[in-house]
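> quick check, what structure comes out for this input:
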Amino acid sequence: MELTIVIPAYNEEAVIEETLRDIEKKLTLPHQVIVVNDHSRDNTSSIVERLSREFPYIRLVQNTGVRGISQTLLTGWRAATTPVVVTMMADLCDDPMTIPAMLEKIEAGFDVCCGSRYMPGGCKHGGPAFQSWFSRLVGWSLHRFIGLPTCDASNAFKMYRRNVLTEMTIEEAGFASSLEIIVKAFLKNHKISEVPTTWRARTKGRSSFKVFKVARNYLRWYMWALLFRNHRF
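Residues are numbered from 1 along each chain as shown. Below you'll find the predicted structure:
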């Protein structure tokens, strides 16, 4: 089954080349890569354009809408033409070697497969302590209390059948869209699975993830999941 990796990128000149080369080194199954430039003010676009000449399956797309992770991902998903898409971050935090196991789940009939840092076999290295504690608590409690079939609902590293995304209205503008999508997919009865993955905190560039600001938005979808857990749409 063909797949496209969608990577949002905002001012990632320090790491985007290493990320793309890491994918091409580790991922042997057929794939395409769409890097969506989110109004970067550095050399991110020119670096990706240069690499696209070396690797023809890498494509640069510009987010011409409002800046932000959600709109950037939507731009990439709409530009993809394969039946399966996987979201990866630009900062080397996600492990490309997890992708074949995710694809096996999709080919087995699941609609969404989550890369899970908190299931047996998964792990998380580095990052702010509060962020780790918060994401672990959100994932565990949603798994325990509403039966969400993943221990790591907030992780953006997920693989989807593309129709799951194109048929869904996404309201959240920021990183909390990852939680919004998985909750809505669950309430729409899409089949969800997870595989273990290793996550590593970035060592280059600057993260645009503001943990305390994002936590408030996560709580919105967390409460929404609890309130509507017995409903299916």
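
> and the helices in this protein?
Secondary structure of the chain (DSSP state H): helices at 16-26, 44-54, 69-79, 99-107, 129-145, 162-166, 177-187, 211-227.

> and for the shortest one, what's in contact with it?
It stands for helix 162-166. 77-78, 80, 82-85, 111-112, 181, 185, 190 (CB atoms under 8 Å, 6 or more residues apart in numbering). For glycine as for every other residue, the C-beta is placed from the backbone atoms N, C-alpha and C.

> drop anything exposed from the residues you listed.
Neighbour counting with 16 or more other CB atoms under 10 Å marks 77, 80, 82, 84-85, 111-112, 181, 185, 190 as buried within these.

> for the protein, give me the ranges with low pLDDT.
Scanning the chain for pLDDT under 70 picks out the ranges 204-214, 230-233.

> quick one, what contacts the nearest residue to R229 once chain neighbours are set aside?
Distances taken as CB to CB, 6 or more residues apart in numbering place I146 nearest to R229, at 3.9 Å, with adjacent residues excluded. Contact partners of I146, counting by CB under 8 Å, 6+ apart, are 186, 225-226, 229.

> from those residues, which two are the most distant?
Using CB to CB, the contacts of I146 span at most 12.1 Å, a distance reached by F186 and L226.

> neighbour count winner among those two?
In this view F186 and L226 are compared by other CB atoms under 10 Å, and F186 has more residues nearby, 23 against 13.

> can you count the residues close to the closest residue to the more buried one other than its chain neighbours?
In this structure, F186 finds its nearest non-sequential neighbour in L148, 5.5 Å apart by CB to CB, 6+ apart. Applying other CB under 10 Å, we find 25 residues neighbouring L148.

> distance check, L148 against K124.
Per CB to CB, to the nearest Å, L148 is found 19 Å from K124.

> repeat that for P83.
Distance of P83 to K124, given as CB to CB: 30 Å.

> equivalent analysis for F186, please.
Between F186 and K124 the computed distance is 23 Å (CB to CB).

> what of L226?
Per CB to CB, L226 is found 24 Å from K124.

> for K158, same thing?
Distance of K158 to K124, given as CB to CB: 16 Å.

> please say which of the two ends up with more neighbours.
A count of neighbours by other CB under 10 Å puts K158 above the other of K158 and K124, at 26 against 19.

> who's the more buried one bridged to?
Note on K158: beta-bridge partners C114, judged by DSSP bridges.

> got the contact list for it?
By CB under 8 Å, 6+ apart, K158 lies in contact with 86-87, 112-115, 178, 181-182.

> which one of those is nearest G68?
S178 (13.1 Å).

> S154 is in contact with the closest one, correct?
Yes - the criterion here is CB atoms under 8 Å, and S178 meets it with S154 at 5.9 Å.

> you'd agree W77 is up against V84?
No - here W77 does not reach V84: they are 11.2 Å apart, not a contact under CB under 8 Å.
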